[in-house]
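Visitor: Okay, sequence plus prediction incoming.
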Amino acid sequence: KDLKSKLSDIDKMLDQGGVTDDILLSGMEVLKQLHDVQSSNNRDIMQKAKIQSPISKDEIRTAIWGCGVDKFPGPNGFTFEFFRKYWAVVGPDFSTAVEWFFEHGDFAIGCNSSFVALIPKVLDPKVVSDYRPISLIGSLYKVVTKILATRLSLVISDLISDIQTAFLLNRQILDGPFIINEILAQCKLKKQQAMIF
């Protein structure tokens, strides 16, 4: 709103004929700032639409087909291979449970169990440190997590600075070290000192 009032004041000055280079430059700067704000708002709206749109049956099915069939079953004993094979029968109920989560923000009672199991690291375990704890979570958790991760991946690169070079699509973890290596090579070539932190 402040930018619009500044622009209005500049327009009044222009209408009165008091045009100077400074006024024109400040008008162009205000227009640029206003455009930047509008672009930012439009980007925010688009990002929210990508993340907050209702969950579709296709999205749920894609998440299930994206989970490995050879994984261990969850606490309920069902694998993703089972869900794929009998999707015509269990799909509608499973989809309803996933949709419930996205509408209410939690799982229905009885759908949120998980277990911790101790897996031996050695052949003859004797002490607690000879075991590795793993958590067995239900298929619903895995599917909801996959859907959330997929949706977040659509906007995450816009939210995280370009300086962050790892763990994002089209960014490589070694980009940072390669850039540092190039900088050091240039400094060495030109016999210049540099401080890197």
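Guide: Alright, I've got the coordinates.
Visitor: How far off centre is the host helix or strand of Asp58?
Guide: In the assignment (DSSP states H and E), Asp58 maps to helix 57-65. Centroid separation between helix 57-65 and its chain, computed with CA atoms, centre = their mean, to the nearest Å, is 18 Å.
Visitor: mind checking the SS state of the residue nearest to Ile156 when sequence neighbours are not counted?
Guide: Distances taken as CB to CB, 6 or more residues apart in numbering put Leu168 closest to Ile156, at 6.2 Å, once the chain neighbours are dropped. (Each C-beta comes from the backbone N, C-alpha and C, glycine too.) For Leu168, the assignment made with DSSP: H, G, I helix; E, B strand; the rest coil gives coil.
Visitor: Compute the number of surrounding residues for Leu168.
Guide: Residues near Leu168, counting by other CB atoms under 10 Å, number 15.
Visitor: Low-confidence stretches in the chain?
Guide: Within the chain, the segments meeting pLDDT under 70 span 1, 18, 72-73.
Visitor: Spell out the residue ranges of the strands in it.
Guide: Using DSSP state E, the strands assigned to the chain run over residues 114-120, 131-137.
Visitor: and the gap between the most centrally placed residue in the chain and Lys50?
Guide: Centroid check for the chain by CA atoms, centre = their mean gives Leu152 as the closest residue, at 2.9 Å. As judged by CB to CB, to the nearest Å, Leu152 and Lys50 stand 9 Å apart.
Visitor: before we move on, back to that, for the strands of the chain, which one sits closest to Lys57?
Guide: strand 131-137 (22.4 Å; CB to CB).
Visitor: Contacts made by that closest one with the rest, please.
Guide: With CB atoms under 8 Å, 6 or more residues apart in numbering as the test, strand 131-137 has contacts from 72, 74-75, 114-121, 125.
Visitor: Asp175 touches Thr165, doesn't it?
Guide: Yes. Between Asp175 and Thr165 there is a contact at 3.9 Å, judged by CB atoms under 8 Å.
Visitor: Please parse the chain into its domains.
Guide: 1-53, 57-156, 163-197 (automatic domain parsing).
Visitor: most tightly surrounded among those?
Guide: Counting by mean count of other CB atoms under 10 Å, domain 57-156 has the highest mean neighbour count of the domains of the chain, with a mean of 14.
Visitor: quick check, distance from it to the centre of its chain.
Guide: Centroid separation for domain 57-156 versus its chain: 19 Å, with CA atoms, centre = their mean.
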